[in-house]
Every structure is written in C-alpha cells, then in structure tokens.
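Student: Whatever this is, show me its structure:
(4 chains)
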Number of protein chains: 4
Amino acid sequence: MIWFNCDYSEGTHPRILERLAQTNLEQTAGYGNDPYCRQAAQLLKKLCNAPQAEVHFLTGGTQTNLTVLAACSRPYQSILSAVSGHINVHETGAIEATGHRIEALPEEHGKISAAQIAKFCKDHWAEENPEFAPQPRTVYISFPTEYGTLYSLQELKDIRRVCDENHLFLFVDGARLGYGLTAPGNDVTLLDLAALCDVFYIGGTKIGALLGEAVVIPNPKLQKDFRYFMKQKGGILAKGRLLGIQFLTLFEDNLYLEISKHANDMAARIKAACQQAGFDFLYDSPTNQQFPIVPNEILAELEQTYVFAHNKRIDKNHTAIRICTSWATREEDVEQLVADLHKLGGK
Amino acid sequence: MIWFNCDYSEGTHPRILERLAQTNLEQTAGYGNDPYCRQAAQLLKKLCNAPQAEVHFLTGGTQTNLTVLAACSRPYQSILSAVSGHINVHETGAIEATGHRIEALPEEHGKISAAQIAKFCKDHWAEENPEFAPQPRTVYISFPTEYGTLYSLQELKDIRRVCDENHLFLFVDGARLGYGLTAPGNDVTLLDLAALCDVFYIGGTKIGALLGEAVVIPNPKLQKDFRYFMKQKGGILAKGRLLGIQFLTLFEDNLYLEISKHANDMAARIKAACQQAGFDFLYDSPTNQQFPIVPNEILAELEQTYVFAHNKRIDKNHTAIRICTSWATREEDVEQLVADLHKLGGK
Amino acid sequence: MIWFNCDYSEGTHPRILERLAQTNLEQTAGYGNDPYCRQAAQLLKKLCNAPQAEVHFLTGGTQTNLTVLAACSRPYQSILSAVSGHINVHETGAIEATGHRIEALPEEHGKISAAQIAKFCKDHWAEENPEFAPQPRTVYISFPTEYGTLYSLQELKDIRRVCDENHLFLFVDGARLGYGLTAPGNDVTLLDLAALCDVFYIGGTKIGALLGEAVVIPNPKLQKDFRYFMKQKGGILAKGRLLGIQFLTLFEDNLYLEISKHANDMAARIKAACQQAGFDFLYDSPTNQQFPIVPNEILAELEQTYVFAHNKRIDKNHTAIRICTSWATREEDVEQLVADLHKLGGK
Amino acid sequence: MIWFNCDYSEGTHPRILERLAQTNLEQTAGYGNDPYCRQAAQLLKKLCNAPQAEVHFLTGGTQTNLTVLAACSRPYQSILSAVSGHINVHETGAIEATGHRIEALPEEHGKISAAQIAKFCKDHWAEENPEFAPQPRTVYISFPTEYGTLYSLQELKDIRRVCDENHLFLFVDGARLGYGLTAPGNDVTLLDLAALCDVFYIGGTKIGALLGEAVVIPNPKLQKDFRYFMKQKGGILAKGRLLGIQFLTLFEDNLYLEISKHANDMAARIKAACQQAGFDFLYDSPTNQQFPIVPNEILAELEQTYVFAHNKRIDKNHTAIRICTSWATREEDVEQLVADLHKLGGK
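Tutor: Purely as a prediction, here's the structure:
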C-alpha cells in the first residue's frame, strides 16, 4: 500500500540521521543547554530577523500548544480559536486540562477573522459583569490551517491590530509551517510571523524531523520563565540536542523550505488530477493537504492501492477524503496516483 | 574534558541509530499504532512475564511521572514519596500542576519504608475529619533511588503488602532501572517489579536511547483509558515508532542489561579507587552513580580534566560530588580517572 | 424602584431568620457535622424517597457545579451541556479551571435532547483514535433551564436511557428547582429526579435562603469521598449549620414549594399582561422568569419605575428583557406592573 | 456539655442577626455590588488607612486562601509556608489543586523567619537550572498562627524586606486576626498589616460572623481582575450583601475588636488556671487558643463536662489539648472551668 493519509508516516530526512550519527558520541550538556540547541536557536532568530526573540525546542504539537498557552494565560483567561482549530478538536482537552477555556469561533475555510475577534472582545467587555465569563487573552490560529488553507499577510495584520486594540496575544501554530511558507500564492514570510506574533512555532515533526517543534517567542513577556513551563509540562528532553541538531540540519541549508515545497508540488499534481477527474473539493488548499470529494465507487478502487484519511461523508454516494503529501512523498507514487485518478475519473 | 556528571551526555547506542536508518523510509501508522511499538510492547510483556499488562511509550521522566500519577489519582488524592524523590525536587512542581499533593516522607539512603507508609495512612484515617487532608493513594519510589541505592526484594514486598492493606497504588520510577537490575547484590528482577507494582517504567533516556521510557502497567484499573492521559499531557508522538524501535533494539538481544552492567562495572572501579584514596561517601551506592566526598584541593585538580556534578558542600574542606557512568562510558576514561585518583589520593 | 431583574434581590424568608435567631447560641459541631445538617439531609432523602442517597450542602451554584463535576470526571472526561447552560456561559470557566472540557451542544428552548447526546457519544466512539478528544462522561442539564423552560418527564427518561447506554452520569442543576416543580404543566417530581439522576441539587439561594444549595447524590459512586471534594474546593463552611437550618426550615413545612409557587403565580400574571399588550416572547416559560420582547419606547417608560435585566437586542425597535419574580415578590408590585403594562400596551 | 474545642461553635453575634433582619426585605444588587459591601469595603480601607486598597468578601478560609494564592501565582510558582501552616495541613490539598506547590519550611512556635525565606530563595536561584524546581513567589503566614502565637512587628518588617529583595508577595492569613490584634503584648496593627502585606484577610467566621472573610489587597498587581478569580472559584455569593452587612456591623462600632478581646481575656484566665495547676504548654500563646499539656486522669474528669480538641499525645500519661475561647464564650463557663482546674490540679 502507498500511504497518503498523513505527513508523518516515514522517519526523518536522511541528512538528519547522518548528522545524528556524526555527533552521536560527543558529550554535551543536557536539557537544551548544548551547543546545537544554541546554534539552532541563533540561526532561527537570524532567519526571523528577530535577534531579541527567544527560541525553545519542544517535542510535539499538543505539548507545544499546551505549554505556550499556559504561558500566555492567567487562570481566568481564555483562548480564541476557530472551532476547527487543532486545540479545539484533536488534543483531548489538553488546554482545558491546564485550566483554560477555549472560545470556539465559527470558521470560514478553517480561518477566523479580525472582525470576529474584535466582536468577541467587545461583547465581553460590554457585559454588566465581565468577570462572569473568562477574559479573552490569546488568539490561536494555525498557518496553514487544519484544512490546508492560509491567512494572507493582510489578514494577519488585521488580526494583529485587533490583538493590539484588545490586549491579546497572537499565537500561530505552525505545525505545518513550511508547507504554508512555500505554497503558491502565499505572501507571508518567516519575518512577517516574527514581526506579527507574540509567539509561534515552526513544526519539525511533520516536515522532516523525527520529532520536534521550534517555539519562537518575540514577545519578552512570554520569554520570561518559559523554561519553567517547559520543564513542568514534561517538555525538556534530557538529550535536548536531539532537537537542536535536527533544526540546525533543517535550516542551515534551506532544507526545510525545499522539502516543504516538494510536498506542495506533489500535492498540486494530485489536486490537478482530481480537478481533471471532475471532483469537487471540501476546501481549496494550496498546501500539502488536499480534500477532494470522491465518488464512493472510485474511492473503493483507489483504496486497493492507497491509504487516505477519511474526512467526512458528504452524501450517500460521495466521501471527502484527505490526501496528504510530505517531504518524503515519492514522485513515482504521485505519478501512479495521478494516472489512476485519470483512468478512474475518465470513466 | 571528560564528562562524568550524568548519564545522558552522549546520543544513543549505535545499534539504535542503525535500526532507525534501516527502517527510516518505511511507512507506518502514527501515534504508537505501528508494528514496532506493538512488537516492543509484546517483548517487554514477555520479559516481565506479564501477558495481561499494557505497555506504552513516553518521551521522558517528568512526562512519565506526571502522566502516570494523573492516572493514579483523583483530585483529592496524594502521592507518598521520599523527600528526595525526583518528583519532589526536580520536576518544577509537575505533579502539583496536575493538582495533586506530594506527601514527602523522610528518607533513609534515598528510600522510604513500609512502616512509614503504614503509619502515614493510619494517621490519616485516624483523623476526626480525614477529608481535611488529601487522601493517600499512591506510593512513588525509585529503583535505583536518586542516590543510586536499591530496595531489596523483601523491602518491596513489604511495601506491596502495606499498599494492599491501605488501598494504595505502587508506582516505581525506573528512569535508571537497568543500572539497578544489574547491580551487584541486587535481588530484584523485572518479573518481581511486574508482580509487585501497579505501574512502573523502564527508563531508556538514561540507558542508551535517544529518548523514551516504557511504561508497564500490570494493573487493569490503570490501563483503562491510559492513552487519553498520554494524549492530553502531550505524550503521544506522531512518529511513535521512534520509541518502539528503540525499545525493541534495547531488549531483543539483552542489550539493555549489558550496557547497564557496563556502567555499573565502570562505576565500581571508580568507587574502589575513591575508597583506596580514603574518601568517604555520601551514600553507599552499588549502581552507576557514586557520591564520594572529596577534599577540595583534590577536587580542584581533578576538575582540570573531568566534569562532575557537585552534590553538596560537606564542610569548608570537603565537597560531595556525583560521579556518573553510563552505557557510553569509555573504559580508557575510567582508567585515567582511577589513575588520577590513585596519584592524588596518595599524596 | 421596583426590582424584577433577578430572584435574589432580597435577603431570606423571615422564617429562616427566626430559626437562625432561635438556634443562634446553641453550640454545635462544625463543618456540617451538626444535628441540623443531619436532620435536613434526612428530611430531603425522605422527600426524595431515596434513603440510600447522600445529601450535602454547599454555598452557591458555581461552587456546586464545579464541585459536583469534579467528582463526576476523570481529567480526560468532558461534560455535555446546552450551549446556553450556566456552566458554559456564566461561571468564568470554573469547570475548565478544574481541568474539564465542556462540549456545548446546540440548544432548543434552552434544552438538549437524548438524541443529541446519543449522537455525540456515537461520534466519539466511532473515531479512529477516540482518545484524541475528551471522553464524554456527564450530561449537565438545568431544571428549569436558563430560559425558564422545563424538561418533561419523558424527556428526562429518554436522557436517562441514553446515559445508561453510554455510561454517562446525569447531573441536574436545580438552582431554581422549586420554580420548576411547581410550574403549571410540569410533570416532574422530586422523586423522579432522585430516581433518574446520578446527582442533582436543590437550589436555596434563589428560593428563599440567604445562601445554600442542597446536593442530592443517589449514585453511590459519586457519594464516595464527596466531602474531600467539598473541602478541597473551599465548600465546607465552618458553621455548616447555617445551611442545615435553612433547608430544614424550607422543607419541613413545605415552605419551599409554597414560595416557589407564589413566584410562578406572580410571573404568570405578568406573562398574561405582556400577552395582552401584544408582546412576543423570546422563550415560552411557565416559571418565574419571563422573556417578553418589548418595544423600546414602552421599555423606556417602564424603566422609570422598574428594574429589569436586558437580555438581547432584537431589532432597532425591540428589546427582549428578563422579568424575574421570586419568593419575595410583592403582589402589589405585580399589580402595579400589570396595570402599567395594560396602560402602555393599550396605546 | 460546654464546648471549648473551637471558635465557631455558635451562630453569630446578635447584632449581626438584628442587622440582617432590619435589611432583609430591601432590594439590592447581587454579587457584592450592593451598598453594604461598598460601605464595608470603604470602612475597612479607612481603618487600614489604605485608600488605594481593594476589599472583597469571601465565605471561608480555605476558599480565601485558594483564591488569593491563585491570584498571586503563575503555574510554576510556589508558596512558602510553615510546615504547620493551615494551607499545608488542613485544606485537602486545595492549593495544590490549583496547581501550585507549597514549600513547607520548618516552623518555630508556628512561625517562619525572614532568614529562612531568604535562604530558600538564595538556594533556588543558585541552582544550575533553577527552572527544575518551582520558583518561590509568595510567602504565606498566619497571624495569629495555628498555635495561637504572634509575629512581632519587627519580624513582619524583616519578612517584608526579604520579600522585597526576592520579588515575593506577602500574604497574611488572618482567619483569627482580631484575636491577634487584641492580644497582650501584640505590637502589630491593622495599619501595619496594610502597609506590609500585598494581601491579607480579616477573618469573620471565627470572630462573630455567620461566615465571611474580608480580603484586603493593597498591592494593585493583585487587585487586577481579582473578581474573575473569585467567580471562577465559586466565591461570589449571589446575595453578597450577606457578607457586607456582617463586616459593616463588626467594624462600624469596634465590635470586632471588643469581642476579640473578650475571647483573649477568657483564654488568659484559663491559661492562668492551667499554670496554677502546674500544667506545661505545648506553645506559649497570648491569644484565644491555649495548648496545655494535661495529665490523662485529669483530662478524663474534665471531659465529663467540657469538650476540648485533642492536639497531640505527649507520653503515656499526658495529652496536649486545645482549649479555644471565642467572642461567644460565656464568663460563667470559664469560671466553672477555672474552678474545676483549680480543684483537679490541686490534687
């Protein structure tokens, strides 16, 4: 079987394995206090043009989200998220388990708007007793979103403005950041994110690393004591260099963006083939996740060979699926799928 | 410099790197639902002679402790630990952050006794309003302890009996388990632990893995819904196989115990050299951590070459240090240290 | 001004003050271990025909909700509530602050249905990895609801059945229970609630007490160690008798239901007057809360004399308000309001 | 039986009952937004000479402690307390349940010293990785202590200085504050507390109120959003005036201090009688709690008539008990006890 169900089916980019082998028997300090973590942090700050930022490494998305949002919030403060946001649907209440309410706003294409955020805050503060509901404090968005869609730079700037007006932090979940940065039509850069966000993270797990997310914290308020949060939530690895080495490898030669673009290119071919086959799409995604709506009999045939993630039953004859490419997707597998789509779609 | 300050200075055992490379491009299911995690779990259950147990993999000690203890406890229940227990001193209040009080009992050689536990419970239930204090529910001990010492099988059996009498869970933190199992004089086996504990873990991070701890759960009550806890605490890796592959490698050919024994052998040589040099010891440890009390002028000379962890100022002329060996400790480094101790101690 | 904005504007029923005065200098045990609490608990169990139940007294609604729901839930478990449920909108994230996610279901007339609950559970368990979302564990409903509406006995039985089928607790928030029990058309009794719920509470604060809610726990699983929860959440009063005396007074002579019915009767007169004036209603409530939609110019005139709670802006000419009666509402005040409605509505 | 076991055996001072009756049918705003709460807050600020302070009313000691300490702490921060502190021993882990570790320092006469606090902080910050332990943030002390003892003004000033040097909040638990302020030898005033503390509370429950504690917050950092904490923890009463009326009554005519002094005077007589009888004391308390060590046969005789709290078994012939007086203690009961002590002690 060929797996297109997610972007974490394989291990890690071979250059990372090589680098781990080269450095394996070196003795370094633990807990992220090693030279690799320091170098990787320096490099990321440089690439973000954010010398005053702090960079920390954590092991996965849920852990990063719960740690960052704990750092953003006092106990009575809430997080605004799209109803489809990862923290709202796929993390077993990890945020609530740290004591915070997520205020789920209706999404459009997986996104929320500056206007929605502004209205939510206005309504809160207009209450006779605002303190009878949690106080909005942090906006959580994903770039790309769960549906593979992207915020434009203007949308992010509008959200930033509303955050400033309402004393809100802006946190961007970049679990798939590379796939967004290298998508066709995207106008957002790493520098924009560093300039607009209070905190964001650069996902490694889904883009070539064995595991690991790099948290970039431009806002000094959130830098303070962040390692206490990391340690308390079980997020500091004894052999922290495992994360530093990976991010150094991914970023010192532009590898991260190259392999991200590869995934997007592969996805674009599949998207085109689906369009040619006459399929509609649940969402219009320019990134590595595609959500075609497939007639059930065609899906049944495809699933003889390919593994997809089922997303949603559309009607009795159609199912929306998620097709995911990644840094590791082989061109020949994509060509085979494209050919099969052509063959089956043409019937 | 030669580092003897801890047991996680290097990367991972070379066989693990090989295995990761061999399997790297295989596509597997995520989140620990892959064949490697399944095989590793099966193997550990077999080695524990505990077919009914469940085995899960987590990334580090603090995360494992907080996840397991959340599963053991209702909100009003407490954990009994030696005052020197890792959860009580080195985890930034991770347990309290999940809402639970640690009741710290005085330690002897890093250990607590069945009698102490029994007395604590008796006192609790003898209160006029027991509900005015947290209810003791779980006993947390480490094997080996923070001081490198070991519980005897009889001591563990006594603690188990008291746990049964008082409706308590027994949880053994095995972050350095291999170093305990292979220590001279130890009479506790993996089978004993599986028979006596409700839950325990087999530490990988400090014994040859890049990262990872294997949680063994013989008690069905704690098995139930354990993965919800793991996910909520950020403990499920997308590429869970990273952990499965490592534990499979460590245990399928006895590698884990071999490298553990190596560390103990190296530590024993250093211990003997310290004794010959006339040093006292803070604790009498048969495992890979040694705590000699060193005259300051000798320490100053040694620290030209070696890195140790400072443990405690004893008096104005003496300092207790921690010397740690590991699976990766090189025999030649130990020989050099022994020679230096001989030379300096003989003065 | 005459206040119709809520049901807790006055102090307490005079018979409660008398009783407090009569017993004031008696010496009793603290923390709810006094004869009055015991007698009140006995009485309520008898009135519920639930000799095996436990009854505890807490001070207010939010505290009761957070304490009960902590007792119902493991950390990864969620509570199903109408989106309009009190815990979801008016308690500053008190439930999330104990670590639990509220799954907010769409409401109809303030209510959720057995079918909605069943579907939610079915969807959860149908997930590939159910443990990636919180596990549904407790159904929270209010009787009457926030909108003054009532579940029928059949609706409650249907919910109970779905709870049984899905291993869910049923918790009924009865902050205004008396107003529901004595409402025209209601077919639910205290005995029904005790038979159908795992836990529910009988509100005192809004029905004649100075403060206090009586938690009735028919389910032995939730009885266990409940006082630990109460103490930990700050819910045990040193002078617990303050609550016992009040509930004894409210229930030993049927006072609770009498004063509840009085409030409903007063509300019914106001409702009729609003109908005669041609007002629509936001919700069709048979209890002490009425939600008429009032033309703004009439509202402005009424507000020269009366205090209402604004509920919602309907359009530029109309506002929905909440008019609340209580045990303490004076008949002459209602007559005056009715007359004013008649006068203004007739224009 | 005559109860000397605690200071909350009776209801409330008769003047409070009168005031409740006088105001009972007035209609006021809820949730502490009423004129009585406002007047009481104003009065207390004036008596504290702290016009910039905020005053809020909560229902009991545990609730106050957990609410205040939540407001003082970020999730990784800890509270320093005497090992005998109420939060450390009698609150079912309420503080830990909000996520915070209590660092229990050895006590002397129930007190901790500035030097202990300074040393704890110094040790924390001297660690190689301070973030591996919770960060000390708040000092919690009680005035009077659990043992009835008092800090001198100089001791409080020293603690304040150490708090300033170490960026710590100082929180004084004044559950029995009046008994401390009016004790012989005390040199601390309400003004001193307001000047030295970041937050403290004036206990009502144990000094004449039905229930209620007045939290005084001189530090603006802790004032911010405090009502969110109160609401979230279930601490805002719908009929908040119940608390405002009581504190107004207790403080507008000095009643609080008068009845406190009465309790101390009664305790002093009992203390003298115990001394005459030749009893030792567990602690030397100038306040309403006395801890004599009583021969068991005398205790058995006394307990025919009186109820005491048992504190501690001293040896096989002696028991330390707690004798408590209160605002409500009747002089004739004390005279009878003194006579009995004289009679029995003289044997």
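
Student: Could you chop chain A up by domain?
Tutor: A:2-6+A:256-345, A:14-253 (automatic domain parsing).

Student: Return the residues of the stretch 1-150 of chain A in contact with chain D.
Tutor: A:31, A:33, A:70, A:74-76, A:98-99, A:129, A:131-132, A:134-135 (Cβ under 8 Å from any Cβ of the partner chain). C-betas here are computed from N, CA, C, even on glycine.

Student: hmm, back to that, deepest-packed of the domains of chain A, please.
Tutor: Scoring the domains of chain A by mean neighbour count under mean count of other Cβ atoms under 10 Å in any protein chain shown gives domain A:14-253 as the most buried, with a mean of 22.

Student: And the average pLDDT for that one is what?
Tutor: Throughout domain A:14-253, pLDDT has a mean value of 98.

Student: and that domain, anywhere near chain C?
Tutor: Yes: using Cβ under 8 Å from any Cβ, domain A:14-253 reaches chain C at A:75-76, A:78, A:89-93, A:96-101, A:131-134.

Student: For residue A:307, give me phi and psi.
Tutor: phi -110, psi 120 (degrees, to the nearest 10).

Student: Residue C:127 versus that one, what's the distance?
Tutor: 17 Å (Cβ to Cβ, to the nearest Å).

Student: try residue A:340
Tutor: Residue A:340 is 28 Å from residue C:127, by Cβ to Cβ.

Student: helix or strand for residue A:159, which one?
Tutor: If you go by DSSP states H and E, residue A:159 is part of helix A:153-165.

Student: Apart from its neighbours in sequence, what residue is nearest the closest residue to chain B within the stretch 151-300 of chain A?
Tutor: Nearest residue of the stretch 151-300 of chain A to chain B: residue A:234, at 2.9 Å (Cβ to the nearest Cβ). Leaving aside its chain neighbours, residue A:234 sits nearest to residue B:63 (2.9 Å; criterion: Cβ to Cβ, 6 or more residues apart in numbering or on different chains).

Student: close to chain B, is the strand or helix carrying residue A:242?
Tutor: Assigned by DSSP H and E, residue A:242 falls within helix A:241-252. Yes: using Cβ under 8 Å from any Cβ, helix A:241-252 reaches chain B at A:241-242.

Student: how far is that helix from where the chain is centred?
Tutor: Its chain's C-alpha centre and that of helix A:241-252 lie 18 Å apart, by Cα atoms, centre = their mean, to the nearest Å.

Student: Any chance you could list what contacts it?
Tutor: Outside helix A:241-252, the residues that touch it by Cβ atoms under 8 Å, 6 or more residues apart in numbering or on different chains are A:12-13, A:15-16, A:19-20, A:23, A:28, A:32, A:34-41, A:43-44, A:47, A:57-59, A:202, A:204, A:207-212, A:214, A:237, A:255-256, B:11, B:210-211.

Student: what's the angle between it and helix B:241-252?
Tutor: 140 degrees (axes from the mean of the first three to the mean of the last three Cα atoms, to 10 degrees).

Student: What is the subsequent helix or strand relative to helix A:241-252?
Tutor: Past helix A:241-252, the next helix or strand by DSSP H and E is helix A:255-276.

Student: Find the residue at the geometric middle of chain A.
Tutor: With distances taken as Cα atoms, centre = their mean, residue A:175 lies nearest the centre of chain A, 2.4 Å away.

Student: Which strand residues bridge the residue nearest to that one when sequence neighbours are not counted?
Tutor: Spatial nearest neighbour of residue A:175, chain neighbours left out: residue A:203 (3.9 Å); criterion: Cβ to Cβ, 6+ apart. On the basis of DSSP bridges, residue A:203 is bridged to residue A:213.
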